[in-house]
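[1] Sequence first, predicted coordinates after that:
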Amino acid sequence: MTQEAPPRWDRKMQQRLARGEAAALGELYDRFASLVHHLAYRVLGEQEAADRITRDVFAHVWENPDAFDPKQSSLRSWIATLTHRQAVYRLRQAKTNAAAEAAGTGGAVGADPQSAENVETSIRNASAAARADYIVTAMPAPLRAALELAYRERQDYRQAAAALGVTEDEARRRLRLGLQLLSTANDVAPQAVSPPGYGPGR
């Protein structure tokens, strides 16, 4: 998985997109399309919907390169945020419509508080799972490797230390830092953002 691009690359890419260089969009797509598609699929759970989000996100970036602020985040993080907001918006839309139809309201929103609560819970869970995935792929490789050994291989910190060739204290430190990063997955509540502007703030 591609890690954060260096800030200088981010700025140059933004400048090239602003000049309308189609080749720049192609490079950006090659670098980040799999990330966008994965995050969208993690939220929506549908291949076709993830494909559509991927197209929409890169169209938005192409049409609005100046919306990216290199001082605020990396290009990778900005694109991931756009993807997350758009996917959550689509998921909320789909689940609200489905809940309204199931309640026999013909599309009216908010007719059943219990259904609305279930929709929001489902959206929060999908959103947190997608954010956790993103956090894992974006974290430094040593932290990611330690977490994978602990959770996929079911190894304790002593076994992880041996597998990684580090001290037990270092293995514990990596696991602790990785878990601290993962714990932020639930910090940001999904936002009901309209697709055209991709939400308040950037």
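    On my side now, so go ahead.
[2] thought residue 90 was touching residue 53?
    Yes: between residue 90 and residue 53 there is a contact under C-beta atoms under 8 Å: 6.8 Å. All C-beta atoms are positioned from the backbone trio N, CA, C, and that covers glycine.
[3] which residues do the two both contact?
    residue 44 (C-beta atoms under 8 Å, 6 or more residues apart in numbering).
[4] So for these two, which sits in the more crowded spot?
    Ranked by neighbour count (other C-beta atoms under 10 Å), residue 90 and residue 53 place residue 53 first, with 26 against 20.
[5] from the chain's centre, how far out does the strand or helix carrying the more buried one sit?
    For residue 53, the host element (DSSP states H and E) is helix 47-63. The chain centroid and the centroid of helix 47-63 are separated by 13 Å, computed with C-alpha atoms, centre = their mean, to the nearest Å.
[6] how near is residue 158 to residue 175?
    The gap separating residue 158 from residue 175 is 11 Å, by C-beta to C-beta, to the nearest Å.
[7] now residue 79
    For residue 79, the distance to residue 175 - C-beta to C-beta - is 29 Å.
[8] before we move on, what about residue 135?
    Counting by C-beta to C-beta, the gap from residue 135 to residue 175 is 15 Å.
[9] so after the helix or strand of the chain with the lowest mean pLDDT, what's the next helix or strand?
    Within the chain, no helix or strand scores below helix 113-138, which has a mean of 70 by mean pLDDT, DSSP states H and E. Downstream of helix 113-138, the first helix or strand assigned by DSSP H and E is helix 141-151.
[10] pLDDT on that next one, on average?
    For helix 141-151, the mean per-residue pLDDT is 84.
[11] and if you look at stretch 57-64?
    For stretch 57-64, mean pLDDT rounds to 94.
[12] which helices and strands does the longest helix along the chain pack with?
    As assigned by DSSP state H, the longest helix anywhere in the chain is helix 75-102. For helix 75-102, the packing partners by 3 or more C-beta pairs under 8 Å, 6 or more residues apart in numbering; DSSP states H and E come out as helix 7-18, helix 22-44, helix 47-63, helix 113-138.
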